[in-house]
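Visitor: next comes the sequence, and after it the predicted model I'd like to discuss.
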Amino acid sequence: MLLNTENNSIFYGRLGTIWLWLTTLGVLSLIALIGFSQPQLALQSYFLLGVLVPLGLLVWFKPEFGLVGLIFLCASIVQPDVVDIRLPIGGGLDLRDLVLIGLIGLALVRGLAWGTLSLPWIAVGGPLLLFLILAFISAANALVYENVPTNWAMNDLRILLYYSLFFLTAWNIQSLKQLSNLLLGLLCIANLTAAVVIIQQFRGADNLLFSSMEYGQWQVWAQEDGTVRVVPPGHVLIHFMMVVSFGLAIFNRDSLARRCIFGIQFLLLAVGQIFTFTRAGWVASFVSLLIVVCVFGIRYRRYLPQFFVVSLALFFVLGSGIGLAVEFDLVEFDYSSSIQERFATLLTPQETLNSYSLQWRLFEIEKASEAIRSNPLAGVSLGNAYRNITTFQGEASGLWTDGDLSAGTISRYTRYIHSSYISLATKMGIPGITAFLWFALSFIILGIGLYRRAKNIQMKALILTIVAGFIGLLQWSIFHAWLIETESTSVIGIMTGIVAALYAIHLKNEHIERNKTSNSLLSNIIGF
């Protein structure tokens with residue numbers, strides 16, 4: 001039976017490859033026909049096809065590289081609108097959107113050709129699929145009944161569609177080798193992002209490292225104490241990969257060299273996280289790491305002394321590095337003092353609550369609550385404003401707009417809410433936020449159960465750290481819009497998808513072990 005399954009897989013794989021080549025030939029023929037009437041368009045199409053076909057073939061045989069490429073684009077190291085296709089219905093598609101559409105198309109073709117298309121990890125994938133269906137319904141309601149501008153509604157929808165990376169990752173990652181390639185690529189992107197955050201401290205806020213940092217995805221500004229705050233688009237990726245590196249460093253008992261490598265990875269990403277000066281991010285990472293340490297302490301108590309020695313050594317190196325930088329005037333400011341002052345604000349919540357930033361968030365929650373009470377089932381719909389412009393904090397006088405209220409300029413903040421949960425409830429109603437919370441809770445509970453059942457130590461480390469990172473991010477999203485931004489929804493999709501892929505690999509290994517046990521038992525019974 002196993003042999004027949006392998007033969008079928010080979011047959012369907014070859015069939016899918018033949019289908020891909022025939023499709024390419026058909027597209028070439030179509031472009032050739034276009035060339036007779038519009039040679040310039042045909043020439044551009046041939047150029048794009050010459051780039052896209054090799055990349056498509058690479059992703060067909062190595063789909064994990066396509067996932068890495070999409071996360072790289074979402075990190076905005078390269079400006080996404082380097083390719084920008086305007087649509088006649090309003091809005092457009094940038095390079096990230098085109099890659100996502102291509103990956104979804106290839107995954108569907110491969111699944112249909114191989115006969116393997118199914119809903120992965122249905123107890124988790126089911127609620128997420130329901131959430132995405134509700135997003136489509138909300139967007140349709142916005143366009144048909146609420147008269148929301150098409151580009152606004154479609155922009156909110158495209159952000160949520162990046163959660164589909166959960167399904168793409170689960171479909172495409174079918175072996176530990178593929179998983180290793182994917183994690184290596186994600187680590188490289190996270191390291192690059194953290195390195196940019198660190199290097200920018202030395203260059204100042206006015207001397208940006210590369211041109212794409214001038215756009216809205218990157219937030220770079222000088223603070224009152226002279227330090228440079230950099231909040232990168234890949235902030236959530238740094239958070240997840242820092243926790244994953246930490247887990248692989250302490251769980252990996254086979255190789256001292258690998259533990260050191262992952263320890264260095266953790267140190268680099270931790271420094272990058274610190275230099276974002278994002279207090280909620282610090283708390284989220286601390287919560288995630290604390291979960292990993294507590295589980296590690298319960299399961300591997302005998303390694304705790306060694307763990308604490310290594311941890312103290314890492315933080316000593318970090319502190320010494322900052323001290324030497326200040327001593328030899330490599331930086332203009334004492335970052336250790338700035339970090340301490342920023343951290344101290346966590347211990348003075350009354351002062352933090354009185355800040356303009358927190359007062360604005362409380363104002364958003366008040367107005368959003370009124371909108372939810374007005375329409376609890378459908379919400380205001382994706383892309384729609386949930387309130388009018390007000391005089392609060394000078395908004396009507398043009399503080400958050402390009403002009404004053406009389407100029408007719410609509411502030412984007414009438415559609416934007418910092419709290420992810422309030423935003424989802426406001427835009428998609430109670431059913432939308434319920435579906436998302438169902439997905440999140442199912443992922444956490446079943447992820448913990450998968451961690452307990454998994455036997456491979458590195459697999460256990462990955463599952464635990466991703467679940468812990470997800471819990472930390474959920475806490476972080478109370479105050480930040482990570483659940484409704486492209487740069488983070490893509491990362492959430494791929495990280496939860498990795499656990500879904502590990503779930504499938506675990507089931508496959510259990511099936512193989514059961515077959516071996518059954519064959520061994522049968523051999524003993526018949527005397528072999």
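Guide: Noted; the coordinates are in hand. Numbering: from 1, shown residues only.

Visitor: surely Val220 forms part of a strand?
Guide: Yes - counting by DSSP: H, G, I helix; E, B strand; the rest coil, Val220 is part of a strand.

Visitor: surely it is in contact with Phe210?
Guide: No - if you go by CB atoms under 8 Å, Val220 and Phe210 don't touch, sitting 11.3 Å apart. Bear in mind the C-beta positions are built from the backbone N, C-alpha and C, glycine included.

Visitor: the more surrounded of the two?
Guide: Val220 (21 against 11; other CB atoms under 10 Å).

Visitor: contacting residues around that one?
Guide: Shown in contact with Val220 (CB atoms under 8 Å, 6 or more residues apart in numbering): 200, 205, 208, 213, 228-231.

Visitor: equivalent analysis for Arg96, please.
Guide: Applying CB under 8 Å, 6+ apart, we find Arg96 in contact with 70, 73-74, 80, 486, 490.

Visitor: what is the lowest-pLDDT residue among these?
Guide: Between the contacts of Arg96, the one the model trusts least by pLDDT is Pro80, at 77.

Visitor: hey, what's the nearest residue to that one once chain neighbours are set aside bridged with?
Guide: With sequence-adjacent residues excluded and distances taken as CB to CB, 6 or more residues apart in numbering, Pro80 is closest to Asp94, at 4.2 Å. Asp94 has these beta-bridge partners by DSSP bridges: Asp84.

Visitor: wait, doesn't Asp94 sit right on Asp84?
Guide: Yes - assessed by CB under 8 Å, Asp94 is found in contact with Asp84 at 5.5 Å.

Visitor: neighbour-wise, which of the two wins?
Guide: Neighbours were counted for Asp94 and for Asp84 using other CB under 10 Å; Asp94 has more, 17 against 13.

Visitor: list the residues that contact that one.
Guide: 80-85.

Visitor: 7 Å instead?
Guide: Under the criterion of CB atoms under 7 Å, 6 or more residues apart in numbering, the neighbours of Asp94 are 80-81, 83-84.

Visitor: of those residues - the most surrounded one?
Guide: Going by other CB under 10 Å, Pro80 tops those with 23 neighbours.

Visitor: how about low-confidence regions in the protein?
Guide: Along the chain, segments meeting pLDDT under 70 span 1-54, 88-91, 115, 216, 225, 252-254, 300-356, 391, 393-412, 515-528.

Visitor: let me see the ranges of the strands in it.
Guide: Taking DSSP state E to define them, one finds strands in the chain at 84-86, 92-94, 219-222, 228-231.

Visitor: hmm, back to that, and the residue nearest to Pro80, how far from Gly272?
Guide: 25 Å (CB to CB, to the nearest Å).

Visitor: quick check: phi and psi on Asn207?
Guide: Main-chain torsions, Asn207, degrees, to the nearest 10: phi -120, psi 80.

Visitor: tell me how far it lies from Ala222.
Guide: For Asn207 relative to Ala222 (CB to CB), the value is 11 Å.

Visitor: picking up where we left off before, buried deepest among the strands of the chain, which one?
Guide: For those, the largest average neighbour count (mean count of other CB atoms under 10 Å) is found in strand 228-231, namely a mean of 21.

Visitor: tell me, how many residues neighbour the residue nearest to Glu370 when sequence neighbours are not counted?
Guide: Distances taken as CB to CB, 6+ apart place Arg387 nearest to Glu370, at 7.6 Å, with adjacent residues excluded. Counted by other CB under 10 Å, the residues lying close to Arg387 total 19.

Visitor: I figured Arg387 hits Ile365, correct?
Guide: No - assessed by CB atoms under 7 Å, Arg387 is found out of contact with Ile365, at 11.3 Å.

Visitor: in this structure, which helix is the longest?
Guide: helix 486-526 (DSSP state H).

Visitor: show me what that helix is packed up against.
Guide: Contacts defined by 3 or more CB pairs under 7 Å, 6 or more residues apart in numbering; DSSP states H and E place helix 486-526 against helix 63-74, helix 150-161, helix 165-172, helix 176-203, helix 235-251, helix 420-453, helix 457-476.

Visitor: mind running it again at 6 Å?
Guide: helix 165-172, helix 235-251, helix 420-453, helix 457-476 (3 or more CB pairs under 6 Å, 6 or more residues apart in numbering; DSSP states H and E).

Visitor: between the last one and helix 486-526, how big is the angle?
Guide: So that's helix 457-476. 150 degrees (axes from the mean of the first three to the mean of the last three CA atoms, to 10 degrees).

Visitor: do the same with the third one
Guide: Relative orientation of helix 420-453 and helix 486-526, computed by the same axes, to 10 degrees: 20 degrees.

Visitor: may I see the buried residues of helix 420-453?
Guide: For helix 420-453, the neighbour count (16 or more other CB atoms under 10 Å) marks 420-429, 431-440, 442-444, 446-447, 450-451 as buried.

Visitor: between it and helix 165-172, how big is the angle?
Guide: 30 degrees.

Visitor: tell me the helices and strands packed up against helix 420-453.
Guide: helix 122-144, helix 356-374, helix 457-476, helix 486-526.

Visitor: now with 10 Å?
Guide: helix 122-144, helix 150-161, helix 279-299, helix 356-374, helix 457-476, helix 486-526 (3 or more CB pairs under 10 Å, 6 or more residues apart in numbering; DSSP states H and E).

Visitor: mind checking how far the second one is from the chain centre?
Guide: Going back to what we said before, that points to helix 150-161. How far helix 150-161 lies from its chain's middle: 17 Å, per CA atoms, centre = their mean, to the nearest Å.

Visitor: with the third one instead?
Guide: Taking the mean of its C-alpha atoms, helix 279-299 sits 19 Å from the chain's own mean (CA atoms, centre = their mean).

Visitor: same check, this time on stretch 76-96
Guide: Distance, stretch centre to chain centre, for stretch 76-96: 19 Å (CA atoms, centre = their mean).

Visitor: from Val292, how far out is Ile445?
Guide: For Ile445, the distance to Val292 - CB to CB - is 18 Å.

Visitor: next one: Asn207
Guide: The gap separating Asn207 from Val292 is 37 Å, by CB to CB.

Visitor: neighbours around the nearest residue to Pro63 once chain neighbours are set aside, how many?
Guide: By the measure of CB to CB, 6+ apart, the closest residue to Pro63 outside its immediate chain neighbours is Asn172, 3.6 Å from it. Close neighbours of Asn172, defined as other CB under 10 Å, add up to 24.

Visitor: hang on, Asn172 packs against Leu117?
Guide: No - applying CB atoms under 10 Å as the test, Asn172 and Leu117 come out as separate, 12.0 Å apart.

Visitor: name the residues contacting each of those two.
Guide: Common neighbours of Asn172 and Leu117, using CB atoms under 10 Å, 6 or more residues apart in numbering, are 107, 110-111.

Visitor: which one of those is nearest Gly497?
Guide: Nearest to Gly497 among the shared contacts of Asn172 and Leu117, counting by CB to CB, is Ala107 at 11.4 Å.

Visitor: quick check: that closest one touching Gln174?
Guide: No - between Ala107 and Gln174 there is no contact under CB under 10 Å: 11.9 Å.

Visitor: neighbour-wise, which of the two wins?
Guide: Taking other CB under 10 Å, Ala107 and Gln174 do not tie; Ala107 has more neighbours (21 against 16).

Visitor: and the more buried one, what does it touch?
Guide: Under the criterion of CB under 10 Å, 6+ apart, the neighbours of Ala107 are 59, 63, 66, 117, 164, 167-172.

Visitor: thinking again about what came up before, compare the helices and strands packed on helix 420-453 and give me the one nearest Tyr416.
Guide: helix 356-374 (8.2 Å).
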